[in-house]
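*Asks:* next one to model:
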Amino acid sequence: MAVSDTERLHTLRRVLLAVSIPCALAAVTALGDLALRSILRLETRWDTFAYHLPFAAKRGGLPIPYTMNDAMELSYQGFPPLPHVVQGLLWHLTGTVNATGAVGWLAFAAFLAWCHLALNARFWLVALIALTAPMVVIHAAASYVDLFSNSLLALGASSCLALYLYPERRARLVFLGGLAGLVGTCWSKFQLVPVAGLLILVFAVVARHRSAAIGWRPRQIAAAVGVAALAAALPYLANLIAYGNPFWPVRVPMVGDLLPYSLDAAAQGVANQRPPPLKDYGAMRLFAHSMLEIGHPTGYDHRPRWIIDQGNAWLAFRMGGFWVVGVVFYLTSMVALLVRTEGRRGVVASAGALVVLCFVATLPQSHELRYYLFLPLAWAAAVGMTFPKFAQAMPRAAIAFLVVVLGLFGYMVVENRDHYRIESRDYVAAAKEWGAASWWGRLERGRIYCAVDMMPLGMMLTGPTMTEFTIVDRSKAALCPAGSIVATANGQLRPVDEVVPRPVPSDHARLQESRDRVNESLRQYQASRFDAAIAVAEQALALDPSNADAHNNVCAANNAMKRWDAGIAACEKALALRPDYPLAKNNLAWAQSMKGQGDGARKAP
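*Replies:* Numbers count the residues shown, from 1 in each chain. Next up, the predicted model:
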């Protein structure tokens, strides 16, 4: 008996469902694996300890006795703060630095949830396609913030696409969520600001023509886009006001030396972050080589095929990471599905995607694909949005497509098995790996150590719990604070005055420096770094033994550590110099009342 077309269609849909189940299971398994890896394994690459963790600690208000390197302080002042605020919050809430590694995974998971719930793109399909790009896998479980910012940008780009493709759907949430993603992008990574700015303009045009779907009048839409653009610009307006350069401390290529800067990232990228054989290539040509991995090795003896920044290579140095097979297959699939399911709108959307791709190719360091991870995420979302209609119209082709998707994903899991391996590595293990732990036995509490030209070891020198030793990170010894002990990469520990002889100050300068030391002692006290507060106050006393404020700070810090005898002695010295000193009287009375009676609350200096 002949099988009817209806029965045949039902059979194909059952097969499609049967194929979808292992795809969904594979995606959930991979995401769960990467989630565990992100919180169990602390990334130990240079960037992590040079600036990601110092920035996160400072943004999160963590009381670590570490002053970041002077060069990195400039970047801290100007870099967009959002990802490090999130990292600092995760660190603060969990009490473990390993939590900072989850920032990329959380943003990626939020992007997948948005695709599934708001854009009607099945999260498992979007995940399988996105995770075919090795760089997405690697950055989903690392302390770097590239995937965080790019997930927000992909959320904005895919929302703009959905708003354009599906005018019949209610779209206010998609509109607002997409704008929020683009604003978050600008608050996360300055390299992505040109792309986010372009997409905000596109969003404005698309939203104006989709006012009925959004449910707002054109003026309301224009106001919302204007507010979003202003919010996106706030970090850069603040930089412009404070430093005269919206992208401080980075040199803006198109304006050159018209704006102040301390870092020429574009020039350094050309000089140090390109493959030596391709240094003379233009940006677009280099981008094409990177996307298609032209001439790249398919394996190395000393490292996995792809790593977090594609260093330690020759022709592939800082290049590639999306896998050429995935790039070709999914870009082709995206265009085919857009045109097949959406007709003319699909053609326009495909042309728009090509324009964005070409625009990215012109940007500085575009060949470093980890800065532009939104590309595979966005094409994954586009495929995910168009797949339901494609599966309904062409179920056989849809089944074959899913089989290929699962096959490509499985192959990439094998290729990137090192990046899926669940292993435990904490801060102490990282410090040992870098050699910082060997310093701990040589350092003393209460002293200030100045780590000179030792990045990224500075933060790790603070001790096994990041609370034991006070470290100031400096690029040169001349910048070390008075009274500190200079630590250098050759293993030496020497007083700063031996390394940098200082002129004998005049009486006025000596007294002023003593007052400055007292203020610094107060800051250390307020950060609960009591040993450091005492050490700095004693430096003030060495400059001016009659400084009653310094004696009072010594008293308060000793009281905070329940060293009542030392606190009483210091307060008595303060009162001998200034008998009517109210704070010293208060701290002395407190120490005398608490001596021998157990713990009590500390008094402020």
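
*Asks:* so where's the stretch 401-550 of the chain shaky on pLDDT?
*Replies:* 502-505 (pLDDT under 70).

*Asks:* how does it look with 90?
*Replies:* Filtered on pLDDT under 90, the stretch 401-550 of the chain yields the residue ranges 476, 478-479, 481-483, 497-533, 535-536, 542-546.

*Asks:* now the helices for it?
*Replies:* For the stretch 401-550 of the chain, the helices defined by DSSP state H, counting those that start in this stretch cover 417-420, 427-434, 437-440, 496-499, 507-526, 530-543, 548-560.

*Asks:* any idea which of those gets closest to residue 89?
*Replies:* Residue 89 sits nearest to helix 427-434 of all the helices of the stretch 401-550 of the chain, at 17.9 Å, using C-beta to C-beta. In short, each C-beta sits where N, CA and C put it, glycine included.

*Asks:* which outside residues touch the closest one?
*Replies:* Identification of contacts with helix 427-434 by C-beta atoms under 8 Å, 6 or more residues apart in numbering yields 42, 44, 48-49, 97-98, 437, 456-457, 460, 464, 466.

*Asks:* next: stretch 81-91.
*Replies:* Residues outside stretch 81-91 that contact it (C-beta under 8 Å, 6+ apart) are 52-53, 55-62, 97, 99-100, 102-103, 106, 143, 145, 148-149, 184, 187-189, 235.

*Asks:* try stretch 492-505
*Replies:* With contacts defined as C-beta under 8 Å, 6+ apart, stretch 492-505 is touched by 442, 449-450, 477-478, 480-487, 513, 543.

*Asks:* swap the cut-off to 7 Å and go again
*Replies:* Here stretch 492-505 makes contact (C-beta atoms under 7 Å, 6 or more residues apart in numbering) with 442, 450, 477-478, 480, 482, 484-487, 513.

*Asks:* repeat that for stretch 45-53.
*Replies:* 72, 75, 97, 100, 143-145, 308, 455-456, 459-460.

*Asks:* just the buried ones from those?
*Replies:* By neighbour count, with 16 or more other C-beta atoms under 10 Å, these hold 72, 75, 97, 100, 143-145, 308, 455-456, 459-460 as buried.

*Asks:* burial of the closest residue to residue 350 other than its chain neighbours, as a residue count?
*Replies:* Among residues not flanking residue 350 along the chain, residue 335 sits closest, at 4.6 Å (C-beta to C-beta, 6 or more residues apart in numbering). Residues lying near residue 335 (other C-beta atoms under 10 Å) number 19.

*Asks:* tell me how far residue 335 lies from residue 112.
*Replies:* Using C-beta to C-beta, to the nearest Å, residue 335 is found at 22 Å from residue 112.

*Asks:* also residue 82?
*Replies:* Distance from residue 82 to residue 112, counting by C-beta to C-beta: 19 Å.

*Asks:* more neighbours: the two, which one.
*Replies:* For residue 82 versus residue 112, the count of surrounding residues by other C-beta under 10 Å is larger for residue 112: 26 against 22.

*Asks:* ok, back up a step: let's have the buried ones among the contacts of stretch 45-53 in CSV, adding distance to residue 345.
*Replies:* CSV is the format used below for the buried ones among the contacts of stretch 45-53 (distance: C-beta to C-beta, whole Å):
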residue, distance to residue 345
72, 47
75, 42
97, 47
100, 41
143, 40
144, 36
145, 34
308, 38
455, 51
456, 49
459, 51
460, 54
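
*Asks:* closest to residue 19 out of the residues you listed?
*Replies:* For those, the nearest to residue 19 is residue 308 (32.9 Å; C-beta to C-beta).

*Asks:* where's that closest one, which helix or strand?
*Replies:* Per DSSP states H and E: residue 308 is located in neither a helix nor a strand.

*Asks:* can you get me a residue count around the closest residue in space to it that isn't next to it in sequence?
*Replies:* Nearest-residue entry for residue 308: residue 138, 5.2 Å, with adjacent residues in sequence omitted and distances by C-beta to C-beta, 6+ apart. Residue 138: 27 surrounding residues under other C-beta under 10 Å.

*Asks:* kindly report the same for residue 21.
*Replies:* Around residue 21 there are 10 other residues, counting by other C-beta under 10 Å.

*Asks:* element containing it, please.
*Replies:* Using DSSP H and E, residue 21 falls in helix 5-40.

*Asks:* tell me the mean pLDDT for that helix?
*Replies:* Across helix 5-40, pLDDT averages out at 93.

*Asks:* would you mark the buried spots in that helix?
*Replies:* Of all the residues in helix 5-40, those buried under the rule 16+ other C-beta under 10 Å are 12, 16, 19-20, 23, 26-27, 30-31, 33-39.

*Asks:* returning to what we had before: out of the contacts of helix 427-434, which are buried?
*Replies:* For the contacts of helix 427-434, a burial check counting by 16+ other C-beta under 10 Å picks out 42, 44, 48-49, 97-98, 437, 456-457, 460, 466.

*Asks:* shouldn't residue 239 be within a strand?
*Replies:* No. If the criterion is DSSP: H, G, I helix; E, B strand; the rest coil, then residue 239 is helix and not within a strand.

*Asks:* can you tell me how far it is from residue 199?
*Replies:* With C-beta to C-beta as the criterion, residue 239 and residue 199 are 22 Å apart.

*Asks:* before we move on, what about residue 138?
*Replies:* Plainly put, residue 138 is 25 Å away from residue 199 if you go by C-beta to C-beta.

*Asks:* go on, residue 532?
*Replies:* For residue 532, the distance to residue 199 equals 47 Å [C-beta to C-beta].

*Asks:* point to the residue nearest the middle of the chain.
*Replies:* Central residue of the chain (C-alpha atoms, centre = their mean): residue 145, 2.7 Å from the mean position.
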